[in-house]
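Undergrad: predicted model and sequence below, questions to follow.
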Amino acid sequence: MYENIERYVPHKILKKNSDHEYYNKEIKRLKSKVIKAYDRRKLAVHCTEKLKQLSKQLLAAKKSAQEAFLKTILKNCVNVGLISTNT
């Protein structure tokens, strides 16, 4: 029986997704564009400029998404009563 398990049961271990919880569809799309632009960066000067532009867009999108995510978390904590609004 153990031989069949060894033979037919897959052994692949899946890696944990490294993306943060607040990553949305736009951030994932920009991330893939940045990776593609990085691969093409040495082909021409305009490719390097495109990489810089996309990187700035990605950082701005990450920052705004993270702020929105943290605001919703904080709001939920206040609503549940975990955090007091009186300081």
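TA: Sure thing, it's come through. This one's a predicted model, so the numbers in the text were calculated from it and none came from an experiment.
Undergrad: quick check: residue 20 touching residue 66?
TA: Yes. Residue 20 is within contact range of residue 66, at 7.5 Å (criterion: Cβ atoms under 8 Å). The way it works is simple: take the backbone N, C-alpha and C, and place the C-beta from them, glycine included.
Undergrad: who's more crowded, the two?
TA: Applying other Cβ atoms under 10 Å to residue 20 and residue 66 shows that residue 66 carries more neighbours, namely 15 against 11.
Undergrad: give me the pLDDT for the more buried one.
TA: Reported pLDDT at residue 66 in the predicted model: 95.
Undergrad: quick one, what contacts it?
TA: Listed by Cβ atoms under 8 Å, 6 or more residues apart in numbering, the contact partners of residue 66 are 20, 22.
Undergrad: where does it land in three-state SS?
TA: Using DSSP: H, G, I helix; E, B strand; the rest coil, the structure places residue 66 in helix.
Undergrad: against residue 22, how distant is it?
TA: From residue 66 over to residue 22 the distance is 5 Å, taken as Cβ to Cβ, to the nearest Å.
Undergrad: same check, this time on residue 82
TA: Distance of residue 82 to residue 22, given as Cβ to Cβ: 20 Å.
Undergrad: got it, and residue 74?
TA: Applying Cβ to Cβ, the value for residue 74 to residue 22 is 13 Å.
Undergrad: scan the helices and strands of the chain for the one with the lowest mean pLDDT.
TA: Every helix and strand in the chain was compared by mean pLDDT, DSSP states H and E; the lowest is helix 2-8, with a mean of 83.
Undergrad: tell me which residues of the helix or strand just after it are tucked away?
TA: Once helix 2-8 ends, the next helix or strand along the chain (criterion: DSSP states H and E) is helix 25-39. Neighbour-count burial for helix 25-39 flags 27, 30, 31, 33, 34, 37 (criterion: 16 or more other Cβ atoms under 10 Å).
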